[in-house]
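>>> With the sequence up front, the predicted model follows.
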Amino acid sequence: MSKVITAKLVGIAYREGGKRPMQTLEIADITVERGIVGDSRGKPGKRQVTILSVESWLTACEELGIQLSWLNRRANLLIEGYEFGQSDVGKVICVGDARLEITRETDPCRRMDQVHKGLKKALMPDWRGGVCCRVLDGAEVSVGVAVDFS
């Protein structure tokens with residue numbers, strides 16, 4: 001029997017278009033067809049929903065001696081209490097009642113250096129940039145729900 005690790009959802013965000021600003025939500029619908037409803041990248045595929053770890057984000061920012069909002073990373077979900085790694089690919093995680101499959105690392109893009117010089121490099125080690133997920137089962141989720149890894 002595998003151990004269940006529980007983290008917590010502490011942020012939800014989406015964007016209506018590629019360069020549009022991130023919008024935060026307290027409650028969001030996650031669907032198999034659209035990812036986070038309203039998000040421009042939510043179509044079916046390996047990158048429907050992106051998840052960032054608070055701990056990893058803070059490590060990257062501390063390395064640069066800065067404080068930045070997690071929204072600069074442009075991820076959909078922010079969780080606290082877990083850091084991602086290569087062994088997470090293929091795992092199914094439950095965000096409230098939504099089930100997501102981790103498909104790959106979210107590679108930091110050059111836009112990160114537009115936010116702050118060196119941020120892209122600071123996000124490269126140890127999967128600090130987060131993970132991409134495919135939605136297996138949708139549900140309404142809200143900030144504060146448990147995120148279970150098994």
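Now that the structure is in, tell me what you want to look at.

>>> And the lowest-mean-pLDDT helix or strand in the chain, what does it pack against?
The helix or strand of the chain with the poorest confidence is helix 111-115; it has a mean of 83 (mean pLDDT, DSSP states H and E). Contacts defined by 3 or more C-beta pairs under 8 Å, 6 or more residues apart in numbering; DSSP states H and E place helix 111-115 against helix 119-123. C-beta coordinates here come from the backbone N, C-alpha and C atoms, glycine included.

>>> Dump the helix it packs on to CSV, keeping only the CA atoms.
As requested, the backbone C-alpha atoms of helix 119-123 are provided in CSV (Å, rounded to 0.1, in the frame of the first residue of the first chain):
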residue,chain,number,x,y,z
LEU,A,119,14.5,33.9,-12.9
LYS,A,120,14.5,31.3,-15.7
LYS,A,121,17.8,29.8,-14.5
ALA,A,122,16.6,29.8,-10.9
LEU,A,123,13.5,27.8,-11.9
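
>>> Could you give me the buried positions within that helix?
Within helix 119-123, the residues scored as buried using 16 or more other C-beta atoms under 10 Å are 119, 120, 122, 123.

>>> Please apply the same query to stretch 91-98.
91, 93, 94, 95, 96, 98.

>>> element containing the residue positioned nearest the centre of the chain, please.
Nearest to the mean C-alpha position of the chain, by C-alpha atoms, centre = their mean, lies residue 51 at 1.1 Å. Counting by DSSP states H and E, the element that carries residue 51 is strand 49-53.

>>> any residues touching stretch 136-150, and which ones?
2-12, 26-32, 79, 81-82, 88, 91-101 (C-beta atoms under 8 Å, 6 or more residues apart in numbering).

>>> meant to ask about stretch 47-62
With C-beta under 8 Å, 6+ apart, stretch 47-62 has contacts from 10, 30, 35-36, 39, 41-42, 67-68, 70, 73-84, 100, 103-104, 106, 119, 122-123, 126-135.

>>> That'll do, ta.
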